[in-house]
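Asker: quick check, what structure comes out for this input:
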Amino acid sequence: MFKIETPNKNYNGSTYGVAFVNGQGETNKEEIKNILVHDFGYKLVKEVTDKPKSPTKKTASK
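Answerer: From the prediction side, this is the model:
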């Protein structure tokens, strides 16, 4: 997931399908993130990666 910030901190609206509240929005799509950052001048605040869950160990039944 990508957290994106607009230059206008008071922006409430939608750009390229991303809802922004107080200038903050999120998208899972890298293509949309690239358009917002490179074409609109928005700022990538944070890229959140989902950590894969470690496998749970099962104890042997006796």
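Asker: what residues does the helix or strand bottoming out on mean pLDDT in the chain touch?
Answerer: Across the helices and strands of the chain, mean pLDDT, DSSP states H and E gives its lowest value to strand 43-47, namely a mean of 93. If you take CB atoms under 8 Å, 6 or more residues apart in numbering as the criterion, strand 43-47 is touched by 1, 2, 3, 4, 5, 6, 7, 24, 33, 37. In this view, the C-beta of every residue, glycine as well, is placed from N, C-alpha and C.
Asker: list buried residues within these.
Answerer: Neighbour-count burial (16 or more other CB atoms under 10 Å) applied to the contacts of strand 43-47 gives 2, 4, 5, 6, 33.
Asker: mind listing which of those are in helices?
Answerer: When the buried ones among the contacts of strand 43-47 are checked against helices (DSSP state H), the matches are residue 33.
Asker: can you put the buried ones among the contacts of strand 43-47 in TSV and add distance to residue 18 and pLDDT?
Answerer: Converted to TSV, those look like this (distance: CB to CB, whole Å; pLDDT from 0 to 100):
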residue	distance to residue 18	pLDDT
2	9	97
4	7	98
5	11	98
6	10	98
33	9	97
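Asker: can you give me the helices for this structure?
Answerer: According to DSSP H, the chain carries its helices in the segments 30-34.
Asker: give the bridge partners for the residue nearest to residue 25 when sequence neighbours are not counted, please.
Answerer: Distance criterion CB to CB, 6 or more residues apart in numbering; nearest residue to residue 25, sequence neighbours excluded, is residue 18 at 4.4 Å. Taking DSSP bridges as the rule, residue 18 bridges to residue 15.
Asker: correct me, but residue 18 touches residue 28?
Answerer: No. Counting by CB atoms under 8 Å, residue 18 does not reach residue 28; the two are 10.0 Å apart.
Asker: so these two - more neighbours on which side?
Answerer: Legend: neighbour count by other CB atoms under 10 Å for residue 18 and residue 28, higher for residue 18 (20 against 10).
Asker: what distance separates the least confident helix or strand of the chain from the centre of its chain?
Answerer: With CA atoms, centre = their mean, to the nearest Å as the basis, strand 43-47 stands 7 Å off its chain's centre.
Asker: and for stretch 24-44?
Answerer: Relative to the mean C-alpha coordinate of its chain, stretch 24-44 is positioned 9 Å out (CA atoms, centre = their mean).
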